[in-house]
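> One predicted model, sequence on top.
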Amino acid sequence: MEAVSHPRQRRKEARPAELMAAALELFVEKGFVGTRLEDVAARAGVSKGTLYLYFDSKEALFKAVIQEGIVPILEQGAGLVDGFKGSAADLLRALINEWWQRIGSTHLAGVPKLMISEAGNFPELAIYYHDTVITRGRELMRRTLQRGIDAGEFRAVDVETAIDVIFAPVLMLLIWRYSLGACCGVAHDPQDYLDTHLDLALRGLAAPVASGKRRTTK
C-alpha cells in the first residue's frame, strides 16, 4: 500500500517554491536592496525562521530564483535547438517567442532590469547571472545563427555582434515594461512588437538570393 503524504509534509515540501515565488515578486517590485527577508517570509505566509531553514541569505534566495525559474527554460531551449528540424529562421522565431512566453510575460521578466540597475552594487550576483543565464542564452542564439550561415540561409555576419543586435530590442521591451511602462503605458502589443522585430531581423540576416529567385522570411 502506498503511503499517503500528510498535508503538513506536502506543505513543507512546497515551501521553497513558495518562498522563491514571493522573493521574485518582491525583487521585481522593490529591487534587491529594498527586499527584506522578513517581507519575503511574510508574503509566503511563513516565519523568518522558517525561511532560514531553506535559504541562509538573500543572495542564496536570489540564486535559487534564477536556478529554479530561468535555468530550466534555458535547458529546454537547448533541447529545442538540438532537435529542431525546420529552418534557422523558424528556429530563431521559436526561441524568441518561447522566451517571451516563458520569461517575458511573467514576473521573471523583471530580473534583467533588476540586474542592470543593481549589478554595480552586487558584482557577485551580476557575475552569477551572467554565467548562469546570459552565457547560456547567447549560446542558443549563437548556434541558431551559425546554423543559418552554414546552411546558406543567412549571410555571413559577425555572430557575436548579431546576438547583441537581435536581443537588444527584446531587452528594451522588458525594461520599458518595468520602468516607464508602469506609469506611461505600453507603447505596443508585445507580440506585434516581437513579430515586427523578427521580420526586420530576418530580412537583414537573409542571404542574397540568386537572380530570378525570391526568398521570403515568413
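Alright, I've got the coordinates.
> what sits against the residue nearest the centre of the chain?
Within the chain, the residue whose C-alpha comes closest to the C-alpha centroid is residue 103; the distance, by CA atoms, centre = their mean, is 4.6 Å. By CB atoms under 8 Å, 6 or more residues apart in numbering, the contact list for residue 103 reads 70, 73, 109. To be clear about C-beta, it is placed using only N, CA and C from the backbone, and glycine gets the same treatment.
> okay, it: pLDDT?
Looking at residue 103, its pLDDT is 91.
> Now do it against residue 77, distance only.
Relative to residue 77, residue 103 is positioned 10 Å away (criterion: CB to CB, to the nearest Å).
> returning to that earlier point: which ones among the contacts of residue 103 lie within helices?
When DSSP state H defines the helices, the subset of the contacts of residue 103 inside them is residue 73.
> so which of the contacts of residue 103 comes closest to residue 207?
Each of the contacts of residue 103 was checked against residue 207 using CB to CB; the closest is residue 73, at 30.3 Å.
> residues near the closest one, how many?
18 (other CB atoms under 10 Å).
> Use 27 as the first number for this chain going forward.
That works, and once the first residue is 27, the last one we named lands at residue 99.
> So for it, what's the pLDDT?
We note a pLDDT of 95 for residue 99 in this prediction.
> shouldn't residue 117 be in contact with residue 171?
No: checked against CB atoms under 8 Å, the pair residue 117 and residue 171 is beyond contact range at 9.7 Å.
> Sketch out the strands for the protein, chain order is fine.
Listed from the start of the chain, the chain has no strands (DSSP state E) to report.
> hey, which helix or strand in it has the poorest pLDDT?
Every helix and strand of the chain was ranked by mean pLDDT, DSSP states H and E. The lowest is helix 207-210, at a mean of 67.
> Without its sequence neighbours, what residue ends up closest to residue 118?
Taking CB to CB, 6 or more residues apart in numbering as the measure, residue 118 lies nearest to residue 170, with 5.3 Å between them; neighbours along the chain are not counted.
> Enumerate every residue touching the one you found.
With contact set as CB under 8 Å, 6+ apart, residue 170 has these partners: 107, 114, 117, 118, 121.
> so of these, which ones are in helices?
Mapping the contacts of residue 170 onto helices (DSSP H) picks out 107, 114, 117, 118, 121.
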